[in-house]
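Student: next input, structure requested:
(2 chains)
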2 protein chains.
Amino acid sequence: MKNSIGRELSDDLMRNYQPFKSTKIGNPIVQRVAPKVRVSTGDNKVTDSLADVVRKTVKDGMTISFHHHLREGDFIFNLVMDEIIKQGIQDLTLAPSSLTNVMNDKVIEAIKAGTITHIESSGMRGTLGEAVSHGILKDPVILRSHGSRARAIENGETKIDVAFLGVPNADRCGNANGMTGDAAFGSLGYALIDAQYADQVVLLTDNIVDYPNTPASIKQTQVDYVVKVDQVGDPDRIGSGATRFTKNPKDLKIAKMVNNVIVHSPYFKQGFSFQTGSGGAALAVARFLKQSMLDKQITASFALGGITTPIVDLMNDGLVQKVMDVQDFDKGAADSMKNNQNQQEIDASWYADADNKGAMVDQLDVCILSALEIDTDFNVNVMTGSNGVLRGAIGGHQDAATAKMTIISAPLTRGRIATVVPKVGTVVTPGESIDVLVTEAGVAVNPARQDLIAAFKKVPSIPLVTIEELQQKAEAIVGKPEPLQHTNKTVAMIEYRDGTIIDEVKEIKD
Amino acid sequence: MKNSIGRELSDDLMRNYQPFKSTKIGNPIVQRVAPKVRVSTGDNKVTDSLADVVRKTVKDGMTISFHHHLREGDFIFNLVMDEIIKQGIQDLTLAPSSLTNVMNDKVIEAIKAGTITHIESSGMRGTLGEAVSHGILKDPVILRSHGSRARAIENGETKIDVAFLGVPNADRCGNANGMTGDAAFGSLGYALIDAQYADQVVLLTDNIVDYPNTPASIKQTQVDYVVKVDQVGDPDRIGSGATRFTKNPKDLKIAKMVNNVIVHSPYFKQGFSFQTGSGGAALAVARFLKQSMLDKQITASFALGGITTPIVDLMNDGLVQKVMDVQDFDKGAADSMKNNQNQQEIDASWYADADNKGAMVDQLDVCILSALEIDTDFNVNVMTGSNGVLRGAIGGHQDAATAKMTIISAPLTRGRIATVVPKVGTVVTPGESIDVLVTEAGVAVNPARQDLIAAFKKVPSIPLVTIEELQQKAEAIVGKPEPLQHTNKTVAMIEYRDGTIIDEVKEIKD
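Tutor: Coordinates of the predicted model:
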């Protein structure tokens, strides 16, 4: 079977799925689901014994979840998984909001012990990405965007039995937020969905505060247990990995060009909105955008998505009215939320669920996203490396790409590897939703956007090229790569944000 | 059939209900429900035409809802019902959070037109109470507490097809709160449940604000239409009716005695919590309590429930840490919320749903409630007058009565009518959950609370009497009333907060 963008899908796996058709969601009627609640007056939720709580809540075959708001600074995942492995529980589906490197070894251990047999995630990197790509799991991993995870939980595709959620504060009844405490990480955006929809919700915190704790991003009505632990995490390591600020001259050149594209687009006007996200040059865009906004005396109505300190600074400078915050990518952004009413915590559904009465991403004017690969159909891969191994995360990529103008910001090549290619190894975000590619070697506009081509043609500082030219230029630098060697086994299914299958990832043949 | 407190229930009506057994809720597992969502990007929710929206959303036989946060200042209910009647829609179930006097004539008109055939509410007064008590509806009205309404909506007993919610501000996508705008009424606590569970949500506002509107008590993900109207309501009339501050010397005497009872109870200690509610002497308690807290250097962890200016003042004086606010009873309390992070908006489920993982009322130490009648078993009636006519509201009465010490504050008699009676006309809150009755003629403690009797015996300023003595004293003043004349028809079923039936109200025979 092939989907509408020509990706080959396995017939046997597609029995329970629809193939990707279009980025248009339409107006279906969706029946949402709701959790089972074990009624209690909730007088005694606090316990020191994680072992007891795991024993009471987790059974063979269940689906368990975690959030990844603490990213590489998370101490909770390993603590809980360790206890679950120790108790010999089998055949769990692991359905976290994403998986960071700090969790990898424990997941592999749990897979080898038979504790984890299925995984649903947004991302997968490092040793776990390698292991899954080499077939450690019998069934394929399901990879979804943040918005699609909210969708799947809200319509029952993913039914979470027990959510284990690390929080930097909680009162004795389970009212909690992400804003204060030693491990404060700001927005609880992804975890709010787990708290709302999981049958059983276990909070883990190193900081029991007076009742009633407010603001209560997670409410006592959602929480079964509050486990006191020594340390929830290290918030200084939220900002590690892909979220560091660039000093690379090539990245800065790209960032400046991205800003040129924004400023000369029809969307750069009073009250516009944008999402910069994290990663490489995207972060630096905020710097250039600030100057352009000051120069043109334009302010933005909102900035969206994973939030960084440069975005919070724009808000504090009065250049951005509201910061709509589903996740904080660094400690500065995290610390700012509690003191600024205009930095609004939003849940993953409000952020990006496609099966909604409208999400924030549907109102987004400009979005800057990154890419591991982009092909001449503008399809983007943020999930597999040039060697075909899982090493990325969908994140909000598919979701935010619904913006009125979506810009991919990427270098033409990385080392000996082309970014612009004839055909991406894995399609995550379809070219239909990508409008502009900015590289250091020129700016390519999707031919579907003749309006943008016309606008940019008038601007000398925007070097327009075709994406084919960029692909050929990249190939001229790094040469044609050897085709990848795969087996027939599918190790990951890539869902589009509406739950259809946009691509599959095959097992690596070494 | 009789329930556990001996109230006669009609066998034919009890086919779909359980009789009331106990105030203990236990630990059932409850499957919650969720709405159907009509998916859209939500770009065009604003309209001037209420007629269009009613045509698109309301069909014969549906259940529609409204909130009563604007109380006697509400302009929305009549506007919407008028349009629904005009369009000839039939056989609707009206399920608002409560009904205030300003809505009565329109409800009666809708009943006569066949538009409304069933009603579920918390309260019913005036001309509508008279009409229903005289049998204007074929089937009995269902009367529930605020917590029980949340429970019924959350478990699907009440399925709202269309919620019409007046708000003092909204953006073009439906993000809204109760805190700013000409018609600001503060907490949207009851309406939040409708916004979360109704299949279709229609906001009505006189104040379209910039997108994105924050804080968003109601979120764009919940809203189908935003109807622009001339005026949502008159917030100066929120505080009318039962919420006026007393100057009556008898009420003040009772309030002072209530304060004595609180101060000499085992619950008056650092970090205690309380709910005063509205109505008569209860409001004045805040005055006396303030002085006692200052004298003893005691502060409260939270005040709960419908919030009044005197409660907000306690917060501003540092005597109450958090105000947990499901509804504001006056403009002062409403205006305060936007400026004070410690005045936390809570929804009706968090406030008081019994089928929960713990609600705020479960953590309440002291609660002061009013009564139309209380009998020698401490059963309380807040729903029917001495003539048997519906003229009150359950409100949060049953819910807050779960406090560790529940005090009924009431005059022994009102005019020629006894408050303390051998047997209340209608049981709303069972005596099992009432601990103390304070009247101007003495304080009666429920014999089940020997601990409180022992504590108060030592206090000269608390004149302990038995409730039988109070009842006899009342009877000596006003005499024995003639027994009420009823027909066999049931006009209202009174649910206890767990959904069991605690009593029925019969049709008046004139």
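Student: can we go C-alpha only for contacts and neighbour counts from here?
Tutor: OK.
Student: what residues are up against A:Ile374?
Tutor: A:380-381, A:419-421, A:423-424 (C-alpha atoms under 8 Å, 6 or more residues apart in numbering or on different chains).
Student: against which helices or strands is the longest helix seen in chain A packed?
Tutor: Ranked by residue count under DSSP state H, the longest helix found in chain A is helix A:280-296. Under the contact criterion of 3 or more C-alpha pairs under 8 Å, 6 or more residues apart in numbering or on different chains; DSSP states H and E, helix A:280-296 touches helix A:249-263, helix A:309-316.
Student: quick one, which of those gets closest to chain B.
Tutor: helix A:309-316 (14.0 Å; C-alpha to the nearest C-alpha).
Student: now the residue in the stretch 401-510 of chain A positioned nearest to chain B: closest residue in space, sequence neighbours ignored.
Tutor: Proximity of the stretch 401-510 of chain A to chain B (C-alpha to the nearest C-alpha) peaks at A:Thr402, 10.4 Å away. Nearest residue to A:Thr402, sequence neighbours excluded (C-alpha to C-alpha, 6 or more residues apart in numbering or on different chains): A:Ser433, at 6.0 Å.
Student: was I right to think that neighbour contacts A:Ala401?
Tutor: Yes - counting by C-alpha atoms under 8 Å, A:Ser433 touches A:Ala401, with 5.7 Å between them.
Student: picking up where we left off before, closest to A:Gln485 out of the helices and strands packed on helix A:280-296?
Tutor: Shortest distance between A:Gln485 and these, using C-alpha to C-alpha, is found for helix A:249-263: 31.8 Å.
Student: buried stuff in that closest one?
Tutor: A:250-263 (16 or more other C-alpha atoms under 10 Å in any protein chain shown).
Student: show me the shaky parts of chain A.
Tutor: A:239-245, A:279-282 (pLDDT under 70).
Student: most centrally placed residue in it?
Tutor: For chain A, the residue nearest the mean C-alpha position is A:Gly395 (1.7 Å; C-alpha atoms, centre = their mean).
Student: contacts only, for that residue.
Tutor: Here A:Gly395 is in contact with A:122-123, A:144-146 (criterion: C-alpha under 8 Å, 6+ apart).
Student: ok, those vs chain B, which is closest?
Tutor: Using C-alpha to the nearest C-alpha, those come closest to chain B at A:His146, 15.7 Å.
Student: quick one on the thing from earlier: so for A:Ser433 and A:Ala401, which residue has more residues nearby?
Tutor: A:Ala401 (28 against 25; other C-alpha atoms under 10 Å in any protein chain shown).
Student: ok, now how distant is that one from A:Ile501?
Tutor: According to C-alpha to C-alpha, to the nearest Å, A:Ala401 stands 17 Å off from A:Ile501.
Student: do the same with A:His486
Tutor: Counting by C-alpha to C-alpha - A:His486 and A:Ile501 are separated by 19 Å.
Student: looking at these two, which has the bigger crowd around it?
Tutor: A:Ile501 (24 against 16).
Student: for A:Arg55, what are phi and psi?
Tutor: phi -60, psi -40 (degrees, to the nearest 10).
Student: OK, contacts around it?
Tutor: A:Gln87.
Student: A:Gly277 contacts A:Ile368, correct?
Tutor: Yes - here A:Gly277 reaches A:Ile368: they are 6.9 Å apart, a contact under C-alpha under 8 Å.
Student: neighbour count for these two, which is higher?
Tutor: A:Ile368 (29 against 25).
Student: got a list of contacts for whichever strand or helix holds the more buried one?
Tutor: Using DSSP states H and E, A:Ile368 sits in strand A:366-369. When contacts are defined by C-alpha under 8 Å, 6+ apart, strand A:366-369 is touched by residues A:262, A:267, A:272-277, A:282, A:397, A:400-401, A:403-409.
Student: how about the nearest residue to the residue of the stretch 101-250 of chain A found nearest chain B, chain neighbours excluded?
Tutor: Nearest residue of the stretch 101-250 of chain A to chain B (C-alpha to the nearest C-alpha) works out as A:Thr221 at 4.8 Å. Nearest non-adjacent residue to A:Thr221, counting by C-alpha to C-alpha, 6+ apart: B:Lys357, 4.8 Å away.
Student: what bridges to that neighbour?
Tutor: A:Ser40 (DSSP bridges).
Student: for it, which residues are in contact?
Tutor: A:37-42, A:220-224.
Student: interface residues of the stretch 401-510 of chain A facing chain B?
Tutor: Proximity of the stretch 401-510 of chain A to chain B, by C-alpha under 8 Å from any C-alpha of the partner chain, involves no residues.
Student: ranges for the helices of the stretch 401-510 of chain A?
Tutor: Counting by DSSP state H, counting those that start in this stretch, the stretch 401-510 of chain A has helices at residues A:450-457, A:467-478.
Student: kindly report the same for the stretch 1-150 of chain A.
Tutor: Under DSSP H, counting those that start in this stretch, the stretch 1-150 of chain A gives helices at A:50-57, A:76-86, A:104-112, A:126-133, A:146-154.
Student: next to chain B, which bits of the stretch 51-200 of chain A? Give me the list.
Tutor: A:Cys173.
Student: and A:Ser65, how far from A:Met81?
Tutor: 11 Å.
Student: and those two? which has more neighbours close in?
Tutor: Neighbours per residue, other C-alpha under 10 Å: of A:Ser65 and A:Met81, the larger number sits with A:Ser65, 24 against 20.
Student: what does stretch A:444-461 contact?
Tutor: So stretch A:444-461 is contacted by A:260-261, A:264-266, A:378, A:434-438, A:462, A:464-467, A:470 (C-alpha under 8 Å, 6+ apart).
Student: of those, buried ones?
Tutor: A:260-261, A:264-265, A:378, A:434-438, A:462, A:464, A:467, A:470.
Student: residues near A:Glu482, how many?
Tutor: A:Glu482, neighbours per other C-alpha under 10 Å, totals 7.
Student: got the phi and psi for the residue of the stretch 401-510 of chain A closest to chain B?
Tutor: Dihedral angles (degrees, to the nearest 10) for A:Thr402: phi -80, psi 0.
Student: same check, this time on A:Phe164
Tutor: Dihedral angles for A:Phe164 - degrees, to the nearest 10 - are phi -110, psi 110.
Student: please name the bridge partners of it.
Tutor: With DSSP bridges as the rule, A:Phe164 is bridged to A:Val202.
Student: list the contacts for it?
Tutor: A:64-67, A:80, A:201-204.
Student: try A:His264
Tutor: A:His264 neighbours (C-alpha under 8 Å, 6+ apart): A:455-456, A:459.
Student: near chain B at all, stretch A:299-311?
Tutor: Yes - where contact is defined by C-alpha under 8 Å from any C-alpha, part of stretch A:299-311 touches chain B, namely A:301-302.
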